[in-house]
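Undergrad: What follows is a predicted structure for the sequence shown.
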Amino acid sequence: MMGTKTYEELLAEMEELQIQLQEAQDAIEAIRTGQVDALVVRNGSSHQLYTLKSADQTYRVFIEKMKEGAVTLDKNGVILYSNTQFSSMIGLPLPAVIGMNFMDFIPAEFADYFNQLSNKGWQSDSKGEIQLKRKNNERIPFLLSFASLELDEGKALSIILTDLTVQKETEEQLRLKNELLEEARGKADKMNEELEDIVIARTRDLYLSREHFRFLADNIPVIVWTTEKNGDAVYFNKQWYEYTGLTFENSKGDRCKQVYHPDDIASYKRVWEEAIKSKTGFHCEYRIKRSIDGSFRWHLGKAEPFTDESGDVIAWFGTSIDIEDQKKEMEKKDEFITTASHELKTPLSSAKGYVQLIGRQKTLSGTASQYVAKANESINKLQHLINNLLDVSKIAAGKLKFTTETFNLSILINSCVEDCRHMYGAYNLQMEVQDDIFVTGNSERLEQVLMNLISNAVKYSADSKEIVICGECKDDWAIVSVTDFGIGLTDENQQKVFERFFRVEEDRFSPGLGIGLYISSEIIKEHHGKIQVRSKVKQGSTFSFSLPLARP
Ligand code: ADP
């Protein structure tokens with residue numbers, strides 16, 4: 001049992017210990033800086049002196065300065081030497097590191113691997129990646145390079161430690177990037193596959209729809225053709241080649257015109273140019289030479305533009321229908337109408353004369369006078385009808401000619417509306433007409449047009465008694481319109497109302513022949529004007545025509 005130490009004894013002991021500590025630190029510093037070449041290490045109960053065989057200050061300084069950690073171990077794994085870098089890597093002060101067993105820094109799961117590497121390192125150089133424990137148990141990845149050293153007292157093992165943290169992080173980043181890349185590549189491959197499938201499916205659909213189109217086109221009794229956006233032909237169906245006897249080479253572009261009647265080419269070209277310019281449907285009648293007998297037969301050519309998303313025309317799809325027989329029938333009908341109208345005109349005029357003579361009789365009773373007035377009214381209606389039929393014949397024969405003069409359209413509209421107010425007393429005819437609209441034309445024919453538009457407005461708006469007549473100048477045009485709020489027209493019927501003999505099916509019970517608007521449109525055409533309709537079913541219609549203003 002040790003006796004209690006006095007204060008002085010304890011003080012002396014502490015001083016002694018401090019001196020020893022100072023000596024130890026000095027020794028380490030001396031080794032680090034190369035001032036000494038030897039080291040005494042406690043080994044169990046004894047001390048052992050270690051001397052570096054080729055202790056060279058240059059190398060020590062070099063080892064001190066390098067980024068890697070460097071340690072030297074004895075055969076038991078005790079750290080004989082460590083550079084400052086290793087101590088800071090491991091997070092312990094250098095004096096604490098010296099003399100520690102290196103195994104203290106090896107996590108249990110790496111112990112076997114480390115032993116393998118160090119055993120090998122004693123024999124020859126070896127390398128391996130291992131994690132070391134820092135003071136707070138944090139793990140750091142290291143590359144350990146082993147080499148054995150010859151010391152005076154025997155062999156020692158030197159280890160160079162390269163911190164792999166940054167490298168591992170970079171590797172990890174690289175791995176993650178790689179994963180992302182792989183994922184992206186996978187997606188791209190999948191998309192590619194899907195795209196390929198879509199392309200295959202689309203190609204098949206395209207093939208099917210082309211074959212479908214070809215089959216249909218070759219099996220309908222109509223000539224089918226397509227052109228580029230400028231009107232150059234690029235496709236014809238079987239019927240074209242059979243009808244014309246031409247080959248594709250002789251038909252493509254505008255070579256197809258060689259089988260058109262020379263008299264029709266100018267109008268055909270004009271209509272095409274207008275259609276291309278306005279991007280609206282092409283509609284034209286022209287004669288095509290039939291190869292079997294060399295005869296020219298009338299065809300109705302129609303084409304519609306095919307546009308892309310931005311509205312630009314990509315191609316035109318057209319048809320040509322042989323209307324020769326129809327035309328002949330029409331001609332016969334026209335001839336009959338002309339003859340019948342003429343035949344009716346003379347007896348009707350004399351009937352009208354006789355009725356007028358009767359009307360002048362002074363002895364006529366009140367009732368008889370009324371009958372005469374009624375007969376007169378009917379005869380007038382008949383005359384109007386016959387005149388219209390004769391107009392149709394004249395148009396068909398291209399003989400709707402008239403003289404023209406410059407006159408004030410405003411006055412004509414006013415007087416027309418005045419007459420109509422007497423004729424259609426139940427209707428409220430509003431007028432919005434600008435003064436002094438001068439045009440050059442035939443006032444009687446233009447009056448006929450306006451009267452027709454107003455009488456139609458009355459006829460087709462039984463439930464609404466409002467009618468608005470407008471007349472104005474806009475740019476270089478005189479525009480006259482008649483608006484009603486009656487039954488209106490579907491879009492489809494609006495396209496057809498100016499055709500000869502067209503009547504809306506539902507209106508067949510109201511009187512009329514379907515020729516008034518046809519004659520009107522021909523009269524306006526002859527005046528180099530335009531006629532059109534805007535309408536909505538059950539809301540009413542606005543029929544309007546425009547004429548070029550007379551030049552002062
Ligand atoms: P109709 O003698 O049959 O009236 P039109 O050529 O003047 O002949 O008119 C042709 C067809 O257009 C008419 O039958 C009618 O169906 C339709 N129509 C004409 N004007 C109007 C209108 N203002 N409102 C509705 N439909 C109209």
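TA: Yep, that arrived.

Undergrad: State the distance from the closest residue to the ligand within the stretch 251-400 of the chain to Leu517.
TA: Of all residues in the stretch 251-400 of the chain, Asn388 sits closest to the ligand, at 8.4 Å by C-beta to the nearest ligand atom. For the C-beta atoms, the positions are set from N, CA and C on the backbone; glycine is no exception. Distance, Asn388 to Leu517, by C-beta to C-beta, to the nearest Å: 11 Å.

Undergrad: Compare those two (neighbour count), which wins?
TA: More neighbours surround Leu517 than the other of Asn388 and Leu517, with 23 against 19 (other C-beta atoms under 10 Å).

Undergrad: wait, doesn't that one sit right on Asn456?
TA: Yes: Leu517 lies in contact with Asn456 (C-beta atoms under 8 Å); the separation is 7.4 Å.

Undergrad: shared neighbours of the two, which are they?
TA: Counting by C-beta atoms under 8 Å, 6 or more residues apart in numbering, the shared contacts of Leu517 and Asn456 are Phe543.

Undergrad: how about the residue most central in space within the chain, phi and psi?
TA: Centroid-nearest residue in the chain: Glu309, 5.7 Å away (criterion: C-alpha atoms, centre = their mean). Per-residue torsions, Glu309: phi -60, psi -30 (degrees, to the nearest 10).

Undergrad: ok, now which ones touch it?
TA: No contacts exist for Glu309 under C-beta under 8 Å, 6+ apart.

Undergrad: and it, what pLDDT?
TA: Predicted confidence (pLDDT) for Glu309: 90.

Undergrad: next one: phi and psi at the closest residue to Glu228 other than its chain neighbours?
TA: Take Glu228 and drop its neighbours on the chain: the residue closest to it by C-beta to C-beta, 6 or more residues apart in numbering is Val234, 5.8 Å away. Phi and psi for Val234, reported as degrees, to the nearest 10, are phi -130, psi -10.

Undergrad: any idea how far Val234 lies from Arg202?
TA: Separation of Val234 from Arg202 (C-beta to C-beta) stands at 22 Å.

Undergrad: And for Tyr260?
TA: 38 Å.

Undergrad: Does the closest residue to Lys67 other than its chain neighbours lie in a helix or a strand, and which?
TA: The shortest distance from Lys67 to any non-neighbouring residue, by C-beta to C-beta, 6+ apart, is to Gln85 (6.7 Å). According to DSSP states H and E, Gln85 maps onto helix 84-90.

Undergrad: same thing with Glu285?
TA: If you go by DSSP H and E, Glu285 is part of strand 282-289.

Undergrad: what are the pairing partners of the helix or strand just after that strand, and which direction each?
TA: Proceeding N to C from strand 282-289, the next assigned helix or strand is strand 296-307, under DSSP H and E. With DSSP bridges as the test, strand 296-307 is paired with strand 282-289 (antiparallel), strand 313-322 (antiparallel).

Undergrad: residue ranges with poor pLDDT in the stretch 1-150 of the chain?
TA: Within the stretch 1-150 of the chain, the stretches with pLDDT under 70 are 1-3, 23-58.

Undergrad: so where do the strands sit in it?
TA: 38-43, 46-51, 69-73, 79-82, 126-133, 139-151 (DSSP state E, counting those that start in this stretch).

Undergrad: Return the list of helices and strands in contact with the last one.
TA: Using 3 or more C-beta pairs under 8 Å, 6 or more residues apart in numbering; DSSP states H and E as the contact criterion, the secondary-structure elements in contact with strand 139-151 are helix 111-123, strand 126-133, strand 154-163, helix 165-218.

Undergrad: Residue of the stretch 451-552 of the chain closest to the ligand, please.
TA: Closest contact between the stretch 451-552 of the chain and the ligand, by C-beta to the nearest ligand atom, is at Gly512 (2.5 Å).

Undergrad: and that residue, what does it touch?
TA: Lys459, Arg503.

Undergrad: SS state for it?
TA: Counting by DSSP: H, G, I helix; E, B strand; the rest coil, the backbone at Gly512 sits in coil.

Undergrad: roughly how far apart are it and Phe485?
TA: According to C-beta to C-beta, Gly512 and Phe485 sit 20 Å apart.

Undergrad: Same question for Glu274.
TA: From Glu274 to Phe485 the distance is 34 Å (C-beta to C-beta).

Undergrad: more neighbours, those two?
TA: Between Glu274 and Phe485, counted using other C-beta under 10 Å, the more crowded position is Phe485 (17 against 12).

Undergrad: correct me, but the more buried one touches Ser461?
TA: Yes: using C-beta under 8 Å, Phe485 is in contact with Ser461, at 6.0 Å.
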